[in-house]
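> Here is my input; please provide its structure:
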Amino acid sequence: MADDNNQAATPSLNILAQYTKDLSFENPGAPRSLQARDKAPAININVNVNANPLSDADFDVILTLNAEAKEGDKIVFAAELVYGGVFRITGFPQEHMLPLLFIECPRLLFPFARQIIADVTRNGGFPPLMIDPIDFAQMFTQRMAEEQARSKVQVLDS
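Numbers count the residues shown, from 1 in each chain. As a prediction, this is how the structure comes out:
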């Protein structure tokens, strides 16, 4: 019996499922956009992470990647991926839950999402877009600071 209690208290983070929720690729100038160019287009990448509880221990973590390549004001290609994972998180103190959900879970999902973006851009006729590793800890810290500033503004407005 003591072993069961110790096992229940042991922190664990498990991926129960991973899935593509939404995938979009646009190549509005094809086939002209596939011609050789003198310089690479400017590429803008946006990343977002959201998490929703499914039960006391299960969470749906969504990683959204948007990549847009432009030459001047013309879109060369646009890719959007909404990639999710269902995670079971048990045995962690409550104060560790947000960092787990917004740092560790997306860090585990990112390599798979990165590969999907690379494949879809290659299948669209371009060199594969290999997104640089993302510092989810920095993103989380920045997001928490923004929310804290927003809550201070709301308190001042009240």
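
> isn't residue 125 right up against residue 29?
No - between residue 125 and residue 29 there is no contact under CB atoms under 8 Å: 10.5 Å. Backbone N, C-alpha and C define where each C-beta goes, glycine included.

> so where do the strands sit in the protein?
Per DSSP state E, the chain carries strands over the ranges 12-26, 42-53, 58-71, 74-90.

> center of this structure - which residue?
For the chain, residue 63 is the residue whose C-alpha lies nearest the centre (CA atoms, centre = their mean; 2.5 Å).

> Give me the local confidence score for that residue.
Note on residue 63: pLDDT of 98.

> Report the inter-axis angle for the helix ranked longest in the chain versus strand 42-53.
Taking DSSP state H as the criterion, the chain has its longest helix at helix 136-157. Between helix 136-157 and strand 42-53, the angle comes out at 70 degrees (axes from the mean of the first three to the mean of the last three CA atoms, to 10 degrees).

> Just the mean pLDDT for helix 136-157, thanks.
According to the model, helix 136-157 has a mean pLDDT of 82.

> and the angle from it to strand 58-71?
100 degrees.

> For helix 136-157, which residues meet the burial criterion?
For helix 136-157, a neighbour-count test (16 or more other CB atoms under 10 Å) marks 136, 139-140 as buried.
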